[in-house]
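> my questions are about this predicted structure, shown below with the sequence.
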Amino acid sequence: MSKVRVRFAPSPTGGLHLGGVRTVLFNYLFAKKHGGDFIVRIEDTDQTRFVDGAEQYIFDCLKWCGIEPDESPVKGGPYAPYRQSERKESYRKYAEQLVKDSFAYYAFDTKEELEKMREECKTAENPSPQYDHHVRSKMKNSLSLTSAEVKSLLDENTPYVIRLKMPENEVISFTDMIRGEISFETSLVDDKVLLKADGMPTYHLAVVADDYTMKITHAFRGEEWLPSAPVHLLLWKYLGWEKEMPEWAHLPLIMGPNGKLSKRDGAKFGFPVFAMNWSDPRTNELTEGFKEKGFLPEAFINLLAVLGWNDGTEQELYSMEELIKHFSMDRVHVAGAKFDYEKAKWFNHEWIKKLNVEGLRLNVIEQLSSAGITVADETFLDKVIELVKDRCTLLPDFVQHAGLFFKTPEALDTEAVKPKWNEEKVKFFEEYCQSLEKISSWELLEIENVFKSLATEKNIKPGELQLPLRIMLVGGKFGPAVFQIAELIGKEETIKRIKTAIQQF
RNA sequence: GCCGCGUUGGUCAAGGGGUUAAGACGCCUCCCUUUCACGGAGGAAUCACGGGUUCGAAUCCCGUACGUGGUACCA
């Protein structure tokens, strides 16, 4: 078997959503598992939908996810160029070849004529008539016109497209790596445009030509492409490349709460659908990304991998390395999977717990600094991270849980204390401060022992006093053990926080 | 409408002729903790429906329903 070569071919029309990232991921995992090449090629054939900056955005997302292409427009490679707009001329050659071999034909119909045909053929049973064998003889094309008429139209530079001539009564079938045998009747498929009037190929011609010239061995794409598979199969055959045709796998769709996951679902249900923030330069509309929402790339990749794939064991947490080792296309589920944001957050929580301090440090510093907290002492920060990471689900949670070690709380939840607050307790805390001043070594046990023995002496239950102390130090009902906090923030800060808090109760 | 693909708890899913039908998320109860989490122990909840084949069907076959995708000079 020749070396595995697999490609991801995004269209730079803005944003990279969950389904897109999962398609890349499965391509990448398959390539790496078999020691092959992972190629990124850009399908920028539709000038009207092309968005500035979208291509760079795609590569930024891949980089964040930890996916490095072996060949791409930015990296180059032996089959350059990797942008379809830069390969424009080669596609025409293949299209003309097909016309010459009578597998395709020129069509001169204008937009208005096409609309007219669709309008006239429209019935209740057939709401969307196709340009197919039923109508092609009635349209303006090189099949219905004489060769002289065609020649003169061509000479006059009449705009035209090249369409594939679908055979009438054939059954086309192929084996999908995920779904098995699939077949189609050609009479039901329309004559797809291969080369547009502007000289650009459509997706159909472009994928086949590019997959062939770039020696792609396995073609994986979303399930939405399944209906056009017969077109591609036929092109491989008509172009004479049947022996080199890649193996196919059509990946299941990722669904939103209702239907195929869309950008709108994110806004509507409050979860990100793109890998990273994307702001559309034309509308300035911002679509939130998983990165900015506070997801770790490890968690993002992990949750995507197990959405529609399972290795048959009970394992759910996988690093990229483990995924490469365990992944296999035949264990990809056939049905579409609904995206569950709650579970997505669980994965991030698990990865925050799983990662060590080094893996978290940079992210935490970034979170804190965006909240206006600068970290001076990194070894101190490391202790804090170790102490609080179990309670953080999303990265911004570190602001609440780690922030209190760097900054005196601004507002105290006094309501939690006031009802049971009295003179005795005020006295207790004043004396506790005095005792703390005298502590020789500022250690957890000391701080706690002084607290407990003073409470016994005053005949107050320690439990009655712990909540107030927590509010004093933290500001609210959250965070690690109180005495651990006291130990970490130090004697001076602890006493200061207690004293200022007493004033407020 | 037509064509393709699908259907195991609310969600992700294992299981592919004989199982008490795994596991995870979420939800509920309890324990731990006099905070919030983490952790631990339990619980509720599932084979879309109808026919076949078979001693036996979640599993194989056929229908139906439902879902979803396609039906563009978009990808």
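Structure received.

> low-scoring stretches of chain A, by residue?
Chain A contains residues with pLDDT under 70 at A:1.

> in it, which residue sits closest to RNA strand B?
residue A:463 (1.7 Å; C-beta to the nearest atom of the strand). C-beta: built from backbone N, CA, C; applies to glycine.

> element containing that residue, please.
Following DSSP states H and E, one finds residue A:463 within helix A:462-474.

> just checking, what packs against that helix?
For helix A:462-474, the packing partners by 3 or more C-beta pairs under 8 Å, 6 or more residues apart in numbering; DSSP states H and E come out as helix A:423-438, helix A:444-458, helix A:482-489, helix A:491-504.

> that older thread, what's the neighbour count on the residue of chain A closest to RNA strand B?
8 (other C-beta atoms under 10 Å).

> sorry, back to before: which of the helices and strands packed on helix A:462-474 sits most buried?
When the helices and strands packed on helix A:462-474 are scored by mean count of other C-beta atoms under 10 Å, the highest mean neighbour count falls to helix A:482-489 (a mean of 20).

> what's next to that one, contact-wise?
With contacts defined as C-beta atoms under 8 Å, 6 or more residues apart in numbering, helix A:482-489 is touched by A:380, A:383-384, A:387, A:404-405, A:442-444, A:447-448, A:451, A:466, A:469-470, A:473-474, A:479, A:494, A:497.

> out of these, which end up buried?
By neighbour count, with 16 or more other C-beta atoms under 10 Å, those hold A:383-384, A:387, A:404-405, A:447-448, A:451, A:469-470, A:473-474, A:479, A:494, A:497 as buried.

> quick one: contacts for residue A:448?
residue A:483.

> ok, it to residue A:32 distance?
Per C-beta to C-beta, to the nearest Å, residue A:448 is found 51 Å from residue A:32.

> near RNA strand B, which residues of the stretch 151-300 of chain A show up?
Contact residues, the stretch 151-300 of chain A versus RNA strand B (C-beta under 7 Å from any atom of the strand): A:159, A:161, A:179-180, A:182-185, A:188, A:190, A:193, A:196-198, A:200, A:202-203, A:223-228, A:252-253, A:255, A:258-260.

> which of those residues fall within helices?
The helices, defined by DSSP state H, take in residue A:203 from those.

> only whichever of the residues of the stretch 151-300 of chain A next to RNA strand B are buried, select them in ChimeraX.
Burial among those is assessed by 16+ other C-beta under 10 Å; the matching ChimeraX selection reads:
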select /A:161,184,190,193,196,200,202,203,223,225,228,252,253,255
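
> before we move on, the earlier item: intersect the contacts of helix A:482-489 with the contacts of RNA strand B.
A:466, A:470, A:479.

> quick one, strands of the stretch 301-450 of chain A?
A:337-338 (DSSP state E, counting those that start in this stretch).

> can you list the residues of it near RNA strand B?
A:306-308, A:310, A:312, A:314, A:316, A:331, A:333-338, A:340, A:342-343, A:346, A:353, A:390-391.

> now the buried members of the residues you listed.
A:306, A:307, A:308, A:336, A:337, A:391.

> count the residues that sit near residue A:5.
21.

> pretty sure it is touching residue A:41, no?
No. Using C-beta atoms under 8 Å, residue A:5 makes no contact with residue A:41, being 11.2 Å away.

> mutual contacts of the two, please.
residue A:214.

> ranges for the helices of the stretch 201-350 of chain A?
A:203-213, A:229-238, A:263-269, A:290-293, A:297-305, A:320-326, A:341-354 (DSSP state H, counting those that start in this stretch).

> please identify the most buried of those.
Ranked by mean neighbours (mean count of other C-beta under 10 Å), the helices of the stretch 201-350 of chain A are led by helix A:297-305, with a mean of 24.

> okay, angle between that one and helix A:341-354 too, please.
140 degrees (axes from the mean of the first three to the mean of the last three C-alpha atoms, to 10 degrees).

> for helix A:297-305, which helices and strands make contact with it?
Looks like helix A:297-305 contacts helix A:18-33, helix A:54-65, helix A:290-293, helix A:320-326, helix A:341-354 (3+ C-beta pairs under 8 Å, 6+ apart).

> done for today, thanks.
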